[in-house]
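Peer 1: 3D, please:
(one chain, ligands or ions: 2)
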Amino acid sequence: MKRIWIKDGTFVTMDDARPVLKGHMVIEGDTILYLDEALPEPAPEGAEVIDGNGFVYMPGLINTHGHAAMSLLRGYSDDEALQVWLEQKMWPMEGKYTDEDARWGTALAVSEMLRSGTTTFVDMYDRMHIVAEVVEQSGMRGLLTRGVIGLCPPDVQTAKLNEAKQFARDWNGRANGRIRTMLSPHAPYTCPPDYIARIVEAAQELNVPLHTHMSESAAEVQQNIDDYGCRPVEHLDKLGFFSGPALVAHAVHLTDDEIALLAERGVGVSHNPASNLKLASGIARLPDLLKAGVTVSLGTDSAASNNNLDLFDEIRLAALIHKGVSGDPTAVPAWEALKLGTVYGARAIWQEERIGMLKEGMKADFIAIDAEQPHFYPRTEIVSHLVYSGSGRDVKHVWVDGVQVVKNGACVFLDDAQIRAEAQRCFERLLSS
Ligand SMILES: N[C@@H](CCSC[C@H]1O[C@@H](n2cnc3c(=O)[nH]cnc32)[C@H](O)[C@@H]1O)C(=O)O
Ligand SMILES: [Zn+2]
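Peer 2: Residues are numbered from 1 along each chain as shown. Ligands and ions are numbered 1, 2, ... in the order given. All right, here's what the predicted structure looks like:
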């Protein structure tokens, strides 16, 4: 089995027992075999030895909400509110998508995410077999789901759900377990209640988790009250959405009771601060969610509402905006912010046992950050530097499942230059068609 020995590095482990250590890490196959200050004894035989001097190693980041293929629409519609952006800008363009667009849009996103240190991502879109193929080729880890919008005739609803089930069945556990699947009604405002109930039932049948957009805007919450007589959390709860594993994106507009219910049901939340700010949706009650014991993680949402997929941006935003909003400088400290992008991300997607931390026995998903740059000096607190001063552009090398997928800033299994050219070509065709 292939061995890698990272010699003399600084490791931000995300493990409370020993957050930062200087020393050595040995990888065997897809697993972390050894991590300690002392030299491994005996020295790992036949290992690829990597000089860790000047690098900070940490677990790969986990992006728990997005739509990769929408990268083709980056910068296409800025400075609009959610409903206008979605209904008048995104949906007409997405309606013109072909398989090619899904492929190159996804590849553009995967390339960007890997190169900026994200090793696992959640993706909700359609044409998911194409997304899965790109993920498989790239070496990345993904939790993938065919999102369904139910504003269509019953036979189309059924066809979409069947496609979603088929995808979830076919791809769960593929690519050495790097790919897992879920089912997803797009949102309570785009799926009638009986359709959501059918999707919940299908998820139970297939034994896969559920994902959705929830309480992203105030208008959406009001519409839910007008249409169904209750707020989205209660609505989804009544439909059984929280009776099994569930992950909701945004959760911006919540009452105390809703927060308590999410905690009680063990629902994971994907906090998307950049997207929520850009679409003027609002600011989620992150400190209250954390205080209530809700598992909160971070998502970029798509590049069409962010406009990049650098999870370091979300980490810094999460650390900064809640201080500003609450007036409390201790709200979301650096260590907590970094956990949102790593350990909590892993917990939110039910993979806490294998990713999100550098620890013996866990999957070798990790990134090397070039710390020999002015913005990482002087060496005071490395965790603080990563959160308040670092960015995805500092990531030099990336490994997933013990395999190096980014080397010197470039993807190993994807052709970055070809992806940029094809993405440009696809966008121009979408624009003119
Ligand atoms: N086209 C599929 C649904 C795809 S799910 C992904 C959808 O999420 C949409 N989307 C992206 N970001 C957001 C967001 O922030 N809020 C709500 N929807 C979003 C996106 O435009 C896309 O249509 C169908 O017909 O059933
Ligand atoms: Zn979204």
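Peer 1: Need phi/psi at I62.
Peer 2: Torsion angles at I62 (phi, psi; degrees, to the nearest 10) stand at phi -120, psi 120.
Peer 1: Can you list phi and psi of the nearest residue to it once chain neighbours are set aside for me?
Peer 2: Distances taken as CB to CB, 6 or more residues apart in numbering put G345 closest to I62, at 3.0 Å, once the chain neighbours are dropped. Using the backbone N, CA and C atoms, a C-beta is placed for each residue, glycine as well. Per-residue torsions, G345: phi -60, psi -40 (degrees, to the nearest 10).
Peer 1: What of A292?
Peer 2: Per degrees, to the nearest 10, the backbone of A292 is at phi -80, psi -10.
Peer 1: Also D51?
Peer 2: phi -80, psi 110.
Peer 1: tell me the contacts of it?
Peer 2: Applying CB atoms under 8 Å, 6 or more residues apart in numbering, we find D51 in contact with K7, D8.
Peer 1: how close does it get to W5?
Peer 2: Distance of D51 to W5, computed by CB to CB, to the nearest Å: 10 Å.
Peer 1: tell me, what's touching these two both at once?
Peer 2: Contacts common to D51 and W5, judged by CB under 8 Å, 6+ apart, are absent.
Peer 1: What residue, apart from its backbone neighbours, is nearest the closest residue to ligand 1 within the chain spatially?
Peer 2: Residue nearest to ligand 1 within the chain: G147 (2.8 Å; CB to the nearest ligand atom). What sits nearest to G147 in space, not counting adjacent residues and going by CB to CB, 6+ apart, is M124, at 4.0 Å.
Peer 1: Touching, the one you found and H65? I think so.
Peer 2: Yes: the criterion here is CB atoms under 8 Å, and M124 meets it with H65 at 7.4 Å.
Peer 1: Mutual contacts of the two, please.
Peer 2: Shared contacts of M124 and H65 (CB under 8 Å, 6+ apart): H211.
Peer 1: Now do the same for the residue of the chain closest to ligand 1: its pLDDT.
Peer 2: You'll see G147 listed with a pLDDT of 98.
Peer 1: Pull the distance from stretch 153-167 to the chain's centre.
Peer 2: Remark: stretch 153-167 is offset 25 Å from the chain centroid, using CA atoms, centre = their mean, to the nearest Å.
Peer 1: Compute the distance between the residue of the chain positioned farthest from its centre and V26, please.
Peer 2: Computed with CA atoms, centre = their mean, the residue of the chain farthest from its C-alpha average is P42, at 38.0 Å. Distance of P42 to V26, given as CB to CB: 11 Å.
Peer 1: coming back round to it: and the residue nearest to G147, that's in a helix?
Peer 2: No: M124: not assigned to a helix; according to DSSP: H, G, I helix; E, B strand; the rest coil it is strand.
Peer 1: now the helices for the stretch 1-150 of the chain?
Peer 2: 82-84, 91-94, 99-115, 128-138 (DSSP state H, counting those that start in this stretch).
Peer 1: How about the contacts made by D256?
Peer 2: Contacts of D256 (CB under 8 Å, 6+ apart): D288.
Peer 1: can you give me the offset of the helix or strand bottoming out on mean pLDDT in the chain from its chain's centre?
Peer 2: Least confident helix or strand, the chain: helix 82-84 with a mean of 92, by mean pLDDT, DSSP states H and E. The chain centroid and the centroid of helix 82-84 are separated by 22 Å, computed with CA atoms, centre = their mean.
Peer 1: buried set for stretch 327-339?
Peer 2: Within stretch 327-339, the residues scored as buried using 16 or more other CB atoms under 10 Å are A331, V332, A334, W335, E336, A337, L338, K339.
Peer 1: Of the residues you listed, just say which sits nearest to V200.
Peer 2: K339 (29.9 Å; CB to CB).
Peer 1: Settle this for me: the closest one is touching M14, isn't it.
Peer 2: Yes: at 6.4 Å, K339 counts as touching M14 under the criterion of CB under 8 Å.
Peer 1: Which positions in the protein make contact with ligand 1?
Peer 2: Neighbours of ligand 1 within the chain, by CB under 6 Å from any ligand atom: 67, 86, 90, 94, 124-126, 147-149, 160, 186-187, 213, 216, 275, 301-302, 305.
Peer 1: Among the residues you listed, name the ones in strands.
Peer 2: When the residues of the chain next to ligand 1 are checked against strands (DSSP state E), the matches are M124, Y125, G147, V148, H213.
Peer 1: dump the residue contacts of the first one.
Peer 2: Think M124. So M124 contacts H65, G66, H67, T145, R146, G147, S184, H186, H211 (CB under 8 Å, 6+ apart).
Peer 1: what about 7 Å?
Peer 2: H67, T145, G147, S184, H211 (CB atoms under 7 Å, 6 or more residues apart in numbering).
Peer 1: now do the fourth one
Peer 2: Contact analysis of V148 by CB under 7 Å, 6+ apart lists K160, L161, A164, S184, P185, H186, C191.
Peer 1: pLDDT at the fifth one, what is it?
Peer 2: Put plainly, it is P185. Predicted confidence (pLDDT) for P185: 98.
Peer 1: Next up, the contacts around it.
Peer 2: Counting by CB under 7 Å, 6+ apart, P185 touches V148, G150, C191, Y195, I196, I199, T212.
Peer 1: mind listing what's buried in stretch 278-287?
Peer 2: Buried-residue list, stretch 278-287, by 16+ other CB under 10 Å: K278, L279, S281, I283, A284, R285, L286, P287.
Peer 1: distance of the second one from N307?
Peer 2: If I follow you right, that is L279. 11 Å.
Peer 1: ok, now the fourth one?
Peer 2: Distance of I283 to N307, given as CB to CB: 19 Å.
Peer 1: swap in the last one?
Peer 2: The spacing between P287 and N307, counted by CB to CB, is 26 Å.
Peer 1: how's the protein carved up into domains?
Peer 2: 3-59+361-411, 61-348 (automatic domain parsing).
Peer 1: So which of the ones you listed has the densest surroundings on average?
Peer 2: Between the domains of the chain, domain 61-348 has the highest mean count of neighbours, a mean of 21, where neighbours are mean count of other CB atoms under 10 Å.
Peer 1: now the end-to-end length of that domain.
Peer 2: End-to-end distance of domain 61-348 (CA to CA, to the nearest Å): 13 Å.
Peer 1: circling back: restricted to helices, list the buried residues of stretch 278-287.
Peer 2: Among the buried residues of stretch 278-287, the residues falling in helices (DSSP state H) are K278, L286, P287.
Peer 1: how about those residues in a markdown table, adding pLDDT and distance to Y76?
Peer 2: Output for those, formatted as a markdown table (pLDDT from 0 to 100; distance: CB to CB, whole Å):
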| residue | pLDDT | distance to Y76 |
| --- | --- | --- |
| K278 | 96 | 13 |
| L286 | 98 | 29 |
| P287 | 98 | 34 |
